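Chemist: The sequence and its predicted three-dimensional model are supplied below.
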Amino acid sequence: MAIRATAPIYSRHTSENLRHLSQVRRHLSRTIIQARNLISQTARPFSTSTKSTHSYSSSPFNSNVLPSSVFRRCFSICNGIKPSIGSPITGQVRYETTNSRAFPPMKKLPIGIQSIDKILNEGYVYADKTGYVRQLLDEGAPHYFMSRPRRFGKSLFLDTLRAVFSGEKDLFKGCEIHESDYPWKEHPVLMFDFSRIENRDPIEFENALKRRLQTLAEKSGISIVVPTVQEGLESLVIGLSKKNRVVVLVDEYDQPIINNLKRLEVAEANREIMKNFYGTLKSLDRNLEFTFVTGISKFSQVSLFSGPNNLKDITMDPRYAGMMGYTEEEIKIGFAKHIKAIAKERSLEEKEVTEAQVLEEIREWYNGYRFSKSQSCVYNPFSTLNFLDEKEANSYWYSSGTPSFLIDEVKKHPQVVTSLSGTEASKTQLSDISKLDRISLPALMFQTGYLTIQEHNPEEDSYRLDFPNKEVRLAFFDSLIQEFAEIDPLAVSRTAAAVRKDLEEFDIGDFVTKMNIHFAKVPYLLFPKAKATQAKEGFYQAILFTFLEKSGISTRPEDPTNVGRIDLVSEMSKTIYVFELKLDKTADEAFDQAEIKRYKEKYAQRGKEIAVIGVNFSSESRNISDWNGSLFSSEGELIRELCKK
């Protein structure tokens, strides 16, 4: 049905419509906001006079989606226009109002868009990163490398570089680089996206790379022969450089390696092809104006990072910490209207929700990525945009790509799970992977975005790592439960509240029973058969740690003290739990060790009671066979023993 809303005339149907609205408004608050956004996006003001007329397609507002009475009420709520029914207008929804600013435009969310032309020309939000482009050019080092996690804006930044070096000045009106004195000289640009070049085996990879070189040559209007990758690349660059010095942009350079980590012989063979490719590129330095290479990880033995004209690695350079991802300021300014819309919608559904509360939720779920010793952090752009679009928190980034290589590494060495949160490493350890058969899991998780810098120690020039935010922490432990322990995460979630209640009420017996139910679901083939007690104990520790985290209990493994490391520390609202774990020994031995080493003293005087629990696992029954514990005051005085029922 087509509708005309003309202010300020009332229709005889108004009271009937409002009665209908009152019956359904609780269930349609989301629809109202969506309607407003659709109207805002399609508004085309014809003039700025005192009376403006706007037309919209009525197709989104059919009776099955949005009743006409509700649509008219939406106008009233959003813009103070008193609704009425006029004669039908075929195929259109029209309104007239004296308010020329009735529908200020809300820019679109650039979800999955990697084209700078499309973003700037078609009304999408753009966080201006062109200042970094100018900074790179002013630095004087013409060849750069940066690694960032997937879906972090690498491809969009490369396309921005392409447009800049192609001389598209008018595209960037209003951007920082447009206002600078950049000369806007046009250069030939070669773009290679290795995620789109087949690489399942070295023959396929080499042939696909040859075809890509041939395609680029044809698009550039030059003729080359490609008997080998090296010869084809050399002919292409030299031919293009006759016009001007060439710009080379490489996206996802490491995909031929990462995609084949399960087949090391293929990964190694692909790496050799890449060595030849980049070795040739480096020999053409006199023909190159600028080079920028991105990827997820840094594999040092790919000929990219050696020699006199090697790439400058700016991955952990504080000056470029905000170059990819959204900064706090960019979120507040660029997405203010979207945040405001979410706050308004939620306020209709429940008690009043402020914009500050919405921002805090985004911050908790998606902020926290820190790539250098500076304090600068960025938000995950992919998850942030999806949150603003769907208006609810979820694991958007994590769910978009299962980290199978991480789970595979965990299965090989399950005890490393407990050391991930809080692990320490040097800059070299974090930024360089040299051996494909012995990849450092913390380094791989840092480079791929599953761990981030929490603290920098300037004296040692070392870094402490942790999960960046709620999204990654929750989703990672979901993956561990499902892929590593092979248990449905929902089964653990369903008992989470009861597990927390057991610990809050010091009902350790029931807590152990629930944990053993989870242990019983772990396939016996996953339990380690190695003779090394430490490896076995690490497995049980990793499983218990995963169960606690998935239950929503903040837990720190291997927590250091001045005399040793506490196996697990779980912090509740009123109590701190200190767990000491043993395998095939006794719970008394575990408890006595915690007391002899005075582990509870680390948490004294914090205003919380301290529960010290000794736990023994049995490799025969494959679960917790015994426990012992006591409850202490914040000052360390014994309150009572925690007895078994």
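Modeler: Good, I have the coordinates.
Chemist: right, and the secondary structure at residue 256 would be what?
Modeler: Of the three states, residue 256 takes helix under DSSP: H, G, I helix; E, B strand; the rest coil.
Chemist: Do I have it right that it meets residue 193?
Modeler: No: Residue 256 lies out of contact with residue 193 (Cβ atoms under 8 Å); the separation is 11.9 Å. Backbone N, C-alpha and C define where each C-beta goes, glycine included.
Chemist: These two: who's more crowded?
Modeler: residue 256 (26 against 17; other Cβ atoms under 10 Å).
Chemist: contacting residues around that one?
Modeler: With contact taken as Cβ atoms under 8 Å, 6 or more residues apart in numbering, residue 256 is in contact with 194, 197, 199, 205, 267, 270-271, 273-274.
Chemist: Give the closest residue to residue 418 in space, chain neighbours not counted.
Modeler: Spatial nearest neighbour of residue 418, excluding adjacent residues (Cβ to Cβ, 6 or more residues apart in numbering): residue 557 at 3.5 Å.
Chemist: How about the contacts made by residue 481?
Modeler: 487-489, 492, 546-547, 550.
Chemist: Report whether it is found in a strand, as I expect.
Modeler: No: counting by three-state DSSP, residue 481 falls outside a strand, being helix.
Chemist: nearest residue to it other than its sequence neighbours?
Modeler: residue 489 (4.6 Å).
Chemist: burial measure for that neighbour, as a count.
Modeler: With other Cβ under 10 Å as criterion, residue 489 counts 17.
Chemist: And the pLDDT for it?
Modeler: Note for residue 489: predicted pLDDT of 77.
Chemist: any idea how far the nearest residue to residue 399 once chain neighbours are set aside lies from residue 236?
Modeler: Excluding the flanking residues, the one nearest residue 399 by Cβ to Cβ, 6+ apart is residue 475, at 7.0 Å. Noted for residue 475: a distance of 42 Å to residue 236, by Cβ to Cβ, to the nearest Å.
Chemist: OK, contacts around the nearest residue to residue 154 once chain neighbours are set aside?
Modeler: Excluding its sequence neighbours, the residue lying closest to residue 154 (Cβ to Cβ, 6+ apart) is residue 294, at 4.2 Å. Neighbour list for residue 294: 145-148, 154-155, 157-158, 250-253 [criterion: Cβ under 8 Å, 6+ apart].
Chemist: what pLDDT does residue 534 get?
Modeler: Looking at residue 534, the pLDDT reads 50.
Chemist: burial measure for residue 607, as a count.
Modeler: Counted with other Cβ under 10 Å, residue 607 comes out at 6.
Chemist: scratch that, residue 357
Modeler: 13.
Chemist: residue contacts, it?
Modeler: residue 343.
Chemist: ok, back up a step: quick one: which of the contacts of residue 294 is nearest residue 513?
Modeler: Ranked by distance to residue 513 (Cβ to Cβ), the contacts of residue 294 are led by residue 148 at 44.9 Å.
Chemist: Quick check: closest non-adjacent residue to that closest one.
Modeler: Spatial nearest neighbour of residue 148, excluding adjacent residues (Cβ to Cβ, 6+ apart): residue 324 at 4.9 Å.
Chemist: Doesn't the one you found lie inside a strand?
Modeler: No: counting by three-state DSSP, residue 324 falls outside a strand, being coil.
Chemist: Now do the same contact list for it.
Modeler: Taking Cβ under 8 Å, 6+ apart, we find residue 324 in contact with 129, 146, 148, 152-154, 157, 378, 381.
Chemist: What backbone torsions are found at it?
Modeler: Main-chain torsions, residue 324, degrees, to the nearest 10: phi -130, psi 140.
Chemist: Roughly how far does it sit from residue 574?
Modeler: Using Cβ to Cβ, residue 324 is found at 42 Å from residue 574.
Chemist: who's in contact with residue 382?
Modeler: Counting by Cβ under 8 Å, 6+ apart, residue 382 makes contact with 111, 151-152, 396-397, 400.
Chemist: thinking again about what came up before, check the secondary structure at the residue nearest to residue 154 for me.
Modeler: State at residue 294, reduced to three classes by three-state DSSP: strand.
Chemist: pLDDT below threshold where in the stretch 301-450 of the chain?
Modeler: Counting by pLDDT under 70, the stretch 301-450 of the chain shows low-confidence ranges at 301-309, 402-405, 413-415.
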